[in-house]
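>>> here is the input, now give the coordinates:
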Amino acid sequence: MRNGPQPGQQRRRQRPDARRPRQRRPRQKARVATLKFTASRTTGDTSGNQCYATARPKASYISLDRTGTDHLVLGEYCNTNNGGTSPGRVGTYPMTALTAAVEGAPGTTANADAAYGLPTGATFNGEALWHKIQGAMRYEGRWYFHRSNGYDNGRLLQATPTVVDGTTQLVGNAKALQSSFGPEDLYLAHGRGDGFAPQLWSLSEHAPSSKCSACKRELYSYNMSEVIGDFAP
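Purely as a prediction, here's the structure:
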């Protein structure tokens, strides 16, 4: 016997207008913007990570300085072993200016309020110390840098803006602290509002391989007060 409605009964069909209306969430429109440097590109060779003291910088890494007014920190990765005229430059941009450039009319610009060339003169493993920078961070007026060293321990560096011959320049600390294999970007968790001490965070880029069995991709941090103490005279 087929199951079906008994005599005198009818199948009930749900009318389309009797269905429960589906609740739709309002769509969030993503804001997409591209910021580009207004300076012209360099005409020099950059195939070997060469950098030049003028023209558009080769942005390689960023960080955020939140110890005062929020600033974006930006810098170049450069290899002076292959030529070029600069070991790299760093600069800071107020986040309010960057936000205005993103949200403003086409052509709105954001200007750096500080920019420096990297220090020169010091050496490391038979070559310049101040190049091959993979990350930078500014904290309470001093700058900190991660210098890569192939598949070996990199170095954490410190520099301070100092007036030299009438011009403010970054002057490097003579000390260089040992860091991880393949150290990368730097970021400071300042700890304001959560009760934690400021921590300097970074990550290492190399996975274990035949070139470096001890390498490991990992996220790690240093107590910032200890870092400052280790750089003290």
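
>>> quick one: the helices in this protein?
95-103, 224-231 (DSSP state H).

>>> relative to helix 224-231, how tilted is the longest strand that the chain contains?
In the chain, assigned by DSSP state E, the strand with the most residues is strand 153-164. Here the directions of strand 153-164 and helix 224-231 differ by 70 degrees (axes from the mean of the first three to the mean of the last three CA atoms, to 10 degrees).

>>> what is strand 153-164 packed up against?
Under the contact criterion of 3 or more CB pairs under 8 Å, 6 or more residues apart in numbering; DSSP states H and E, strand 153-164 touches strand 142-147, strand 167-172, strand 177-181, strand 183-189. All C-beta atoms are positioned from the backbone trio N, CA, C, and that covers glycine.

>>> mind running it again at 7 Å?
On a contact count with 3 or more CB pairs under 7 Å, 6 or more residues apart in numbering; DSSP states H and E, strand 153-164 meets strand 142-147, strand 167-172, strand 177-181.

>>> thinking residue 215 is in contact with residue 153, fair?
No - using CB atoms under 7 Å, residue 215 is not in contact with residue 153, being 10.6 Å away.

>>> now for these two: what residues contact both?
Both residue 215 and residue 153 are contacted by residue 181, under the criterion CB atoms under 7 Å, 6 or more residues apart in numbering.

>>> who has more neighbours out of these two?
Using other CB atoms under 10 Å, the more surrounded residue of residue 215 and residue 153 is residue 215, with 18 against 15.

>>> can you tell me the closest non-neighbouring residue to the more buried one?
Distances taken as CB to CB, 6 or more residues apart in numbering place residue 206 nearest to residue 215, at 3.8 Å, with adjacent residues excluded.

>>> ok, now which ones touch that neighbour?
Residue 206 neighbours (CB under 7 Å, 6+ apart): 151, 181, 182, 212, 215, 217.

>>> what does residue 186 give?
63, 135, 136, 137, 144, 146, 200, 202.

>>> need the residues you listed in CSV (columns: pLDDT, neighbour count and distance to residue 88).
Shown next, in CSV, are those (pLDDT from 0 to 100; neighbours: other CB atoms under 10 Å; distance: CB to CB, whole Å):
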residue, pLDDT, neighbour count, distance to residue 88
63, 96, 23, 14
135, 97, 25, 12
136, 98, 27, 9
137, 97, 25, 15
144, 98, 25, 14
146, 98, 25, 12
200, 97, 21, 20
202, 97, 23, 18
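
>>> as a markdown table, the residues you listed with distance to residue 165 would be great.
Shown next, in a markdown table, are those (distance: CB to CB, whole Å):
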| residue | distance to residue 165 |
| --- | --- |
| 63 | 29 |
| 135 | 29 |
| 136 | 24 |
| 137 | 27 |
| 144 | 25 |
| 146 | 29 |
| 200 | 32 |
| 202 | 34 |
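
>>> tell me which of the residues you listed fall in strands.
Those of these lying in strands (DSSP E): 63, 135, 136, 137, 144, 146, 200, 202.

>>> follow-up on the earlier one: next one: the longest strand of the chain to chain centre, how far?
With CA atoms, centre = their mean, to the nearest Å as the basis, strand 153-164 stands 17 Å off its chain's centre.

>>> give me the contact list for it.
116, 119, 124, 142-149, 168-173, 176-183, 231.

>>> if we use 6 Å, what do you get?
119, 142-148, 168, 170-173, 176-179, 183, 231 (CB atoms under 6 Å, 6 or more residues apart in numbering).
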